[in-house]
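Engineer: Sequence and computational prediction follow.
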Amino acid sequence: MTNPVRIKRVYEPCRAENGSRVLVDRVWPRGISKGNLRLQHWAKEVAPSDELRRWFGHDPERWAEFKRRYVDELAARPEPVAALREWLAFGPLTLLYAARDADHNNAVALKAYLEAACAGATGTGATDG
């Protein structure tokens, strides 16, 4: 992959090196107006299902199982993932998320999945980390 995938919390300042900024949460982040987020796209369709999101609850003990289930959901919806890969053709891609936990959120798992997909991997084990 020639262009990097980055992740960033929506509450952090926008920088030029962010490239295309895509919100990957299903719900709009609290306290931010749509005009102030400075994003190119809101990709709700790549976010975890409401059921999975509620089950996970950002509990680090559920992280491994969350990643496994989320990868299954992503594999079942190849079109939205392909759309994100297309954004990478234009330059760096920053996946925006609102969760407080920077290590255990869907953007972390999605970044690994995208990197594996761009490298030609099937996505299996792509979210270890």
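Structural biologist: It's in.

Engineer: what does stretch 19-35 contact?
Structural biologist: Residues outside stretch 19-35 that contact it (CB atoms under 8 Å, 6 or more residues apart in numbering): 3-4, 6, 8, 10-11, 14, 37-44, 46-50, 53, 84, 87, 90-99, 106-107, 110. From N, CA and C alone the C-beta is placed, and that goes for glycine too.

Engineer: how about the helices in the protein?
Structural biologist: In the chain, the helices defined using DSSP state H lie at 50-56, 63-76, 78-88, 106-118.

Engineer: Of all the residues in the third one, which ones are buried?
Structural biologist: Buried positions in helix 78-88, judged by neighbour count with 16 or more other CB atoms under 10 Å: 81, 84-85, 87-88.

Engineer: Same list (those residues) but as CSV, adding pLDDT and distance to Val27.
Structural biologist: As requested, these are exported to CSV (pLDDT from 0 to 100; distance: CB to CB, whole Å):
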residue, pLDDT, distance to Val27
Val81, 92, 20
Leu84, 93, 19
Arg85, 91, 24
Trp87, 89, 21
Leu88, 88, 25
